[in-house]
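Engineer: 3D model of this:
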Amino acid sequence: MEPLQGCRMIGAVRAFNGILDGYIILHSPPGCHSGVMMLEVLQDNSDWRVAVSGMHQRDLVYGAENKCLLAIKKVYETIKPNFIVVMDCCSSGILGEDLESVVNMAKREIGEDMDIIYFSGAGYHSLAYLGYEEALKSLVQFMEQKETIPNSINLIGIKIDDFKAKEDIEEIKRICSNAGVNINSILTCDTFDSIKNAPNAELNVVFGDGIKLAELMKKKFDIPYVVVDYPYGLNGTLEFLNSLNEYVNVDFKFVEEEKKRIIKTVEKVQFYLKGFYGMNSAVVGDYKAFGFAKFLSDEIGFDIDTLGISKFYNIDSKIKEIKHIVENVVIDDRKELEDKIMENDIEILFGSSYEKKIAQNKNIPLIRFSYPVVDEISLSNTPLAGFRGVSVIIERIINEIIKA
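Structural biologist: Residues are numbered from 1 along each chain as shown. Below is the predicted model of the structure:
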């Protein structure tokens, strides 16, 4: 079986890389580092915050803890990040490098006030989603609860390297601002100080991944949490706001104007949309794929023949929710997913760059929305999430079908 997601290290890097003034040090050979950098940097070439200790073949016999210590010192002296995480990979993990001792030594030599941790990232321990969950959970040790900010929330589970993540964050911020809701912290797409102040929010809003962090924060700081679908489409965004309204005060007055704007936009392409009704599709992705599939089915009228999902923490309950609109569900098995798509009468595919070959073999359009997207960039402020995302998604679908 070939899983739809990467290893534990990739999940952890995705979590820690969202600490905007933090730095990751991989104690690994160049291969692990270059693979991670490709996934993290291709969407934003200016954001380069992953260093490598530079293990070589000979180090796999004698060890290279000294190289890791040197890397920590160099990063701290050169960058002065507010947070550093040191991670091992499969090779250094098998070798048994004592990176906790290296981190403690670095603290003594550089200064005890340095916020630095060791995180076990060896890929053979678990899949990416567990690496992500446990990486987020490790940040609680730095959190401190002060005064609660009225009508405020934290967003948990947003990944900075997702396609159009920054545009989506701006749209979600805009929506929350119009609704009178304050965003206290985004885990993780925020500064380290902001993440340390996360316990000052009234509510944690979890976009699927990050439930372990939310559970721990509830236990330690008594902050309730709600798990929501990623807010795609009009209905998905309203469901997001309604979920918030159960815990904080949401002002819905602005929604009518948003509806009018969406209707005005959709009317321009109504004949195209009528042609999509009943069109067989496949959706591939992580937790976000559930909200995306609901939007395609409920608001545009696509039939969802196959849903390919990578594992996450509460996957069973989410599958039950969506069973009525999806014919086939494939969990973390790329071979089975490819077979389903090739065998079935699927006319359009929604997924990531990894589905490009399937779409080419099937001769169908591919609309990229899920991680990773490495063959397309986004520089314009065109979110996929929220009210403004409706017209962007519809535009992408129509243009790809016309070109095909």
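Engineer: list the contacts for the residue nearest to the spatial centre of the chain?
Structural biologist: Central residue of the chain (CA atoms, centre = their mean): Lys159, 3.1 Å from the mean position. With contacts taken as CB atoms under 8 Å, 6 or more residues apart in numbering, Lys159 has the following neighbours: Arg14, Ala15, Gly18, Tyr132, Ala165, Thr188, Cys189, Asp209, Tyr371. Every residue, glycine included, has its C-beta placed from N, CA and C.
Engineer: Can you show me the strands along the stretch 151-300 of the chain?
Structural biologist: Here the stretch 151-300 of the chain has its strands, by DSSP state E, counting those that start in this stretch, at 152-156, 182-187, 203-206, 225-227, 280-285.
Engineer: Output those in TSV, with mean pLDDT appended to each entry.
Structural biologist: Converted to TSV, the strands of the stretch 151-300 of the chain look like this (pLDDT from 0 to 100):
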stretch	mean pLDDT
strand 152-156	98
strand 182-187	97
strand 203-206	98
strand 225-227	96
strand 280-285	95
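Engineer: can you list the weak-confidence ranges in this structure?
Structural biologist: Scanning the chain for pLDDT under 70 picks out the ranges 1-4, 31, 33-34, 91-93, 112, 123-124.
Engineer: the longest helix in the protein is where?
Structural biologist: Longest helix in the chain, counting residues (DSSP state H): helix 386-403.
Engineer: Show residues contacting stretch 379-397.
Structural biologist: With CB under 8 Å, 6+ apart as the test, stretch 379-397 has contacts from 163-164, 167-168, 170-172, 174-175, 230-234, 237, 258, 261-262, 265-266, 269, 273, 276, 295, 299-300, 348, 367, 369.
Engineer: Restricted to helices, list those.
Structural biologist: Among the contacts of stretch 379-397, the members found in helices (DSSP H) are 167-168, 170-172, 174-175, 233-234, 237, 258, 261-262, 265-266, 273, 276, 295.
Engineer: from those residues, which would you call buried?
Structural biologist: Burial by neighbour count, 16 or more other CB atoms under 10 Å: within these this picks out 167-168, 170-172, 175, 233-234, 237, 258, 262, 266, 273, 276, 295.
Engineer: farthest-separated two in the residues you listed?
Structural biologist: Glu170 and Phe276 (27.9 Å; CB to CB).
Engineer: Next, the buried residues of the longest helix of the chain.
Structural biologist: Applying a neighbour-count criterion of 16+ other CB under 10 Å, one finds 386-394, 396-397, 400-401 buried in helix 386-403.
Engineer: excluding its backbone neighbours, what's nearest Tyr23?
Structural biologist: Of all residues not flanking Tyr23 in the chain, Pro81 sits nearest, at 4.0 Å (CB to CB, 6 or more residues apart in numbering).
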